[in-house]
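Q: Provided below for reference: sequence and predicted model.
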Amino acid sequence: MTKTIVVKIGTSSLTQPETGQLALSTIASLTETLCNLRLQGHRVILVSSGAVGVGCARLGLTERPKAIALKQAVAAVGQGRLMRIYDDLFSTLEQPIAQVLLTRADLVQRSRYLNAYNTFQELLGLGVIPVVNENDTVAVEELKFGDNDTLSALVASLVEADWLFLLTDVDRLYSADPRTVPDARPISLISNMKELAELQIQTGGQGSQWGTGGMVTKISAARIAIAAGVRTVITQGRFPHNIEKIIQGEAIGTHFEPQPEPTSARKRWIAYGLVPTGKLYLDDGAINAISLAGKSLLAAGIKAVEGEFDNQEAVQLCDRTGNEIARGLVNYNSEELQKICGCHSRDIAGILGYAGAETVIHRDNLVLT
Ligand SMILES: Nc1ncnc2c1ncn2[C@@H]1O[C@H](COP(=O)(O)OP(=O)(O)O)[C@@H](O)[C@H]1O
Ligand SMILES: N[C@@H](CCC(=O)OP(=O)(O)O)C(=O)O
């Protein structure tokens, strides 16, 4: 049966750690694997990092630049070079590819989000393998995916993929960073997010020298993907052929089981496509009402309001300590909410001088994270 498969490969797998030069055999083996998957009739998307790493190697820079403008310039050098190599290898196997560079802004606006969806569908329908990266050269700091783990999960969610493979330089997830904790326990399966929380995995710092985000962004990517019903696997980038074995049922890497009832596409867009512009702190009653009883959020349950936002913008809903529980689209702006938080709905018209919505966030626009 045809499956939609998203494969993300990180800089740490695409380049050699000592020299920063491309790991040609890994890239060639990845190309072969993805072509095999296409021959089996699957729809394949590659999310490839490496623009900054490859650009640095090209320009003789020995470490990842920190200054934003330099990083953006280096990415422009590396992205072209990376695509040239992919195109040479995929062309050898007669597989057409396409470059898709996305910024966060492309997913924030609903019309652009749907447009991106349509483009992916067309490319997949044409039998093309889209090669996706963040458009690092133009992305502005406030509107960035920041790491390709998150980007790949959002792409997998957008196209409602069956599989997301996060290829990295460790063979799986461990209870702690195996580089610094040699006896860290390997983890093969995570059945749900509650289980993940109970494992209390230590993710250490930012990951390898050239990578962005380390394991922490892979775990949050898995969270986004499984909510969309996408089975997610963290596995070693050096052995891309393992992807085929995993699809055939071999227990390689760490598997995150997809949520049995995926969150709807619109709610996924609210939760992960939009960038929240404020925070509402809720009392325990409101937390129970939205998370256990599936109710809408009323002004009475809001303890405090943070940030400046307009109505219909996305905000985070948090407990007293700031832990995020849900996200949603607000029916009031931040100024109005400052005045009505903690109040009963029937008093809103009196306080504001006009009648607004009965709910602050309607349950149709509210999604538990
Ligand atoms: N709990 C953990 N299990 C496995 N690896 C971990 C863990 N915590 C941190 N890491 C580190 O994450 C690194 C991979 O992240 P990163 O360098 O960002 O890779 P990539 O370039 O593939 O995105 C590994 O090299 C490993 O040292
Ligand atoms: N967009 C950036 C990659 C950012 C990123 O997430 O890197 P990595 O952790 O190596 O997957 C680039 O192409 O260099």
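A: Done, it's in. Ligands and ions are numbered 1, 2, ... in the order given.
Q: Check the secondary structure at the residue nearest the centre of the chain for me.
A: Central residue of the chain (C-alpha atoms, centre = their mean): T150, 2.1 Å from the mean position. Taking DSSP: H, G, I helix; E, B strand; the rest coil as the rule, one finds T150 in the helix state.
Q: which residues sit in contact with the closest residue in space to it that isn't next to it in sequence?
A: Spatially, and ignoring its direct neighbours in sequence, T150 is nearest to A221 (5.4 Å; C-beta to C-beta, 6 or more residues apart in numbering). Heads up, the C-betas are built off the backbone N, CA and C, glycines and all. The contact partners of A221, by C-beta atoms under 8 Å, 6 or more residues apart in numbering, come to K8, D149, T150, S152, A153, L164, L166, T232.
Q: Any idea what the last one is bridged to?
A: Partner residues in beta bridges with T232: L164, F256, with DSSP bridges as the criterion.
Q: show me where the stretch 201-350 of the chain has strands.
A: 231-236, 254-256, 279-282, 302-306, 314-318, 324-329 (DSSP state E, counting those that start in this stretch).
Q: Flag the shaky bits of the stretch 101-250 of the chain, pLDDT-wise.
A: The model of the stretch 101-250 of the chain has pLDDT under 70 over residues 142-143, 205-213.
Q: Make a markdown table out of the strands of the stretch 201-350 of the chain and add mean neighbour count.
A: Output for those, formatted as a markdown table (neighbours: other C-beta atoms under 10 Å):
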| stretch | mean neighbour count |
| --- | --- |
| strand 231-236 | 23 |
| strand 254-256 | 24 |
| strand 279-282 | 21 |
| strand 302-306 | 18 |
| strand 314-318 | 23 |
| strand 324-329 | 19 |
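Q: Relative to L352, which of these is closest?
A: Nearest to L352 among the strands of the stretch 201-350 of the chain is strand 302-306; the distance by C-beta to C-beta comes to 14.3 Å.
Q: Distance from the chain centre to the closest one, please.
A: 27 Å (C-alpha atoms, centre = their mean, to the nearest Å).
Q: Also compute the angle for that strand relative to strand 314-318, please.
A: In terms of direction (axes from the mean of the first three to the mean of the last three C-alpha atoms, to 10 degrees), strand 302-306 departs from strand 314-318 by 130 degrees.
Q: quick check: mean pLDDT across strand 302-306?
A: Mean pLDDT, strand 302-306: 95.
Q: If you count contacts, what does it end up packed against?
A: strand 279-282, helix 334-340 (3 or more C-beta pairs under 8 Å, 6 or more residues apart in numbering; DSSP states H and E).
Q: Would you mind listing the outside residues contacting stretch 290-297?
A: Contacts for stretch 290-297 (C-beta under 8 Å, 6+ apart): 280, 282, 286, 289, 317, 325-326, 328, 359-363, 366, 368.
Q: Could you list the buried residues of that stretch?
A: Counting neighbours by 16 or more other C-beta atoms under 10 Å, one finds that the buried residues in stretch 290-297 are I290, S291, K295, S296, L297.
Q: Could you do stretch 53-60 as well?
A: G53, V54, G55, C56, A57, R58.
Q: quick revisit: among the contacts of A221, which pair sits farthest apart?
A: Most distant of the contacts of A221, by C-beta to C-beta, are T150 and T232, 12.4 Å apart.
Q: related to what we said a few turns ago, arrange the strands of the stretch 201-350 of the chain in TSV, one row each, with distance to T62 as further columns.
A: As requested, the strands of the stretch 201-350 of the chain are arranged in TSV below (distance: least, C-beta to C-beta, whole Å):
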stretch	distance to T62
strand 231-236	26
strand 254-256	32
strand 279-282	40
strand 302-306	41
strand 314-318	39
strand 324-329	38
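Q: To L107, which of those lies closest?
A: Across the strands of the stretch 201-350 of the chain, L107 has its closest neighbour in strand 314-318 (12.0 Å, C-beta to C-beta).
Q: Tell me the strands beside that closest one, with direction?
A: If you go by DSSP bridges, strand 314-318 pairs up with strand 279-282 (parallel), strand 324-329 (antiparallel).
Q: What segments of the stretch 101-250 of the chain are helices?
A: Under the criterion DSSP state H, counting those that start in this stretch, the stretch 101-250 of the chain contains helices at 104-108, 110-125, 148-158, 193-199, 214-227, 242-247.
Q: Of all those, which one is nearest ligand 1?
A: helix 214-227 (3.6 Å; C-beta to the nearest ligand atom).
Q: The closest one vs helix 148-158, what angle?
A: Going by the same axes, to 10 degrees, helix 214-227 makes 10 degrees with helix 148-158.
Q: and helix 214-227, does that touch ligand 2?
A: No: against ligand 2, helix 214-227 shows no contacts by C-beta under 6 Å from any ligand atom, the least distance being 7.1 Å.
Q: unless I'm mixing things up, the residue nearest to the centre of the chain is touching T217, no?
A: Yes: the criterion here is C-beta atoms under 8 Å, and T150 meets it with T217 at 6.0 Å.
Q: from the contacts of A221, which is closest to N192?
A: Among the contacts of A221, and counting by C-beta to C-beta, the member closest to N192 is T232, at 12.4 Å.
Q: what's near enough to touch the closest one?
A: Neighbours of T232 in contact, by C-beta under 8 Å, 6+ apart: 153, 156, 163-166, 221-222, 225-226, 255-256, 258.
Q: cool, L102 as well?
A: Contacts of L102 (C-beta under 8 Å, 6+ apart): A116, V132, N133, E134, N135, F145, L151, V155.
Q: repeat that with 7 Å
A: A116, V132, E134, N135, L151 (C-beta atoms under 7 Å, 6 or more residues apart in numbering).
Q: will you turn these into a markdown table that also has neighbour count and distance to ligand 2?
A: As requested, these are exported to a markdown table (neighbours: other C-beta atoms under 10 Å; distance: C-beta to the nearest ligand atom, whole Å):
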| residue | neighbour count | distance to ligand 2 |
| --- | --- | --- |
| A116 | 20 | 17 |
| V132 | 23 | 10 |
| E134 | 24 | 4 |
| N135 | 20 | 9 |
| L151 | 24 | 7 |
